[in-house]
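Novice: Give me coordinates for this.
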Amino acid sequence: MNLDSYLSRLGLERPLPPTIDTLRRVHVAHHAAFTFNNVAMQRRDAVLIDPESIMAKFLGPDGGGYCFEQNTLLGAALRELGFDVTMLLGRVGPPDKRLLNHMLLRVEAEGQPFIADVGYGGESPLEPVPLRDGARVTQDGIDYSVRRDAHHWRLSMHYGDVTEELYEFVDAPFTAGDVEIANHYIATHPNSIFRRTLTIQRVTSEERLILRPTVITRYRNGVRTDTPIEPAQIRRFAHELFAIDLGDKPLLFEEP
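Specialist: All right, here's what the predicted structure looks like:
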């Protein structure tokens, strides 16, 4: 990958030694620079996850993608910066229907393991989270906790009186081939949630903004607001809020 082009898009410059502070800075800057979105799937485009293809797409007008793209790119950049990076696959969804449908990273920094994840399409952590049983951190007004449960780790969010388990994963390495198989299934299978709805999100240190076909969700200063919208307004808000042109052709979720 072209590390300097990537860092330029993030607004960062070398030297960036493999420290906890660098990991945090890159993680936060990546979130701000690229939207989480599944626009490619909604347009019926192929989702390629080699670093070169991801770089070309992310530096283009849409400037983003979903977990398999986001975390593949982040992982490639962190490795070039000298970090020890392991690809992990996680499960998102109801316990009885979970499958390996999410990618995240385990990153070692200054001898400590962290969850690095810039590709979760909901209330994802803004910064890396310590991979330690019982760890709990507050980021952007949301608490995140990590716990070990038999064979799995579980990452949860806590917002007000709400506690939600985001996903579970095992702390074991997966190969690029494993990731490719999971990406192909999630990007092409008719039951995939990403083929049935549209999500666009950007996370910065000031605001978390999520657009879905029926609602705009904002987190600002620890306060969540939900603004209902009509699905027919999705193109307008994608352009106004994220500078993304969805085009005039029907998207997958708009099909009867």
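Novice: Need the mean per-residue confidence for whichever helix or strand D21 is part of.
Specialist: Assigning secondary structure by DSSP states H and E places D21 in helix 20-33. Mean pLDDT, helix 20-33: 97.
Novice: for that helix, packing partners?
Specialist: helix 3-10, helix 67-80, strand 100-109, strand 112-116, strand 200-203 (3 or more CB pairs under 8 Å, 6 or more residues apart in numbering; DSSP states H and E). Glycine gets a C-beta too; all of them are placed from N, C-alpha and C.
Novice: ok now it, how far from the chain's centre?
Specialist: 13 Å (CA atoms, centre = their mean, to the nearest Å).
Novice: Tell me the buried residues in it?
Specialist: T22, L23, R24, R25, V26, H27, V28, A29, H30, H31, A33 (16 or more other CB atoms under 10 Å).
Novice: For the helix or strand in which L209 is found, which outside residues touch it?
Specialist: Secondary structure from DSSP H and E places L209 in strand 208-212. Applying CB atoms under 8 Å, 6 or more residues apart in numbering, the contact partners of strand 208-212 are 122-123, 126, 140, 197-203, 216-220, 234, 237-238, 241-242.
Novice: quick one: strands adjacent to that strand?
Specialist: The pairing partners recorded for strand 208-212 under DSSP bridges are strand 200-203 (antiparallel), strand 215-220 (antiparallel).
Novice: returning to what we had before: state the next helix or strand along the chain beyond the helix holding D21.
Specialist: Helix 20-33 is succeeded, C-terminally, by strand 35-37 (DSSP H and E).
Novice: Partner strands of the host helix or strand of T163, with direction?
Specialist: In this assignment (DSSP H and E), T163 forms part of strand 162-169. Taking DSSP bridges as the criterion, strand 162-169 pairs within the sheet with strand 84-91 (antiparallel), strand 152-159 (antiparallel).
Novice: Lowest mean pLDDT across those, which one is that?
Specialist: strand 152-159 has the lowest average pLDDT among those, namely a mean of 94.
Novice: could you dump the strand holding T163 to PDB, C-alpha only?
Specialist: Taking C-alpha atoms only, strand 162-169 is exported to PDB below (Å, rounded to 0.1, in the frame of the first residue of the first chain):
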ATOM      1  CA  VAL A 162     -28.700   0.600  27.800                       C
ATOM      2  CA  THR A 163     -26.200  -2.200  27.600                       C
ATOM      3  CA  GLU A 164     -25.700  -3.900  24.200                       C
ATOM      4  CA  GLU A 165     -23.200  -6.600  23.300                       C
ATOM      5  CA  LEU A 166     -21.700  -5.500  20.000                       C
ATOM      6  CA  TYR A 167     -19.900  -8.700  19.100                       C
ATOM      7  CA  GLU A 168     -18.000 -11.800  20.200                       C
ATOM      8  CA  PHE A 169     -14.700 -13.100  18.900                       C
END
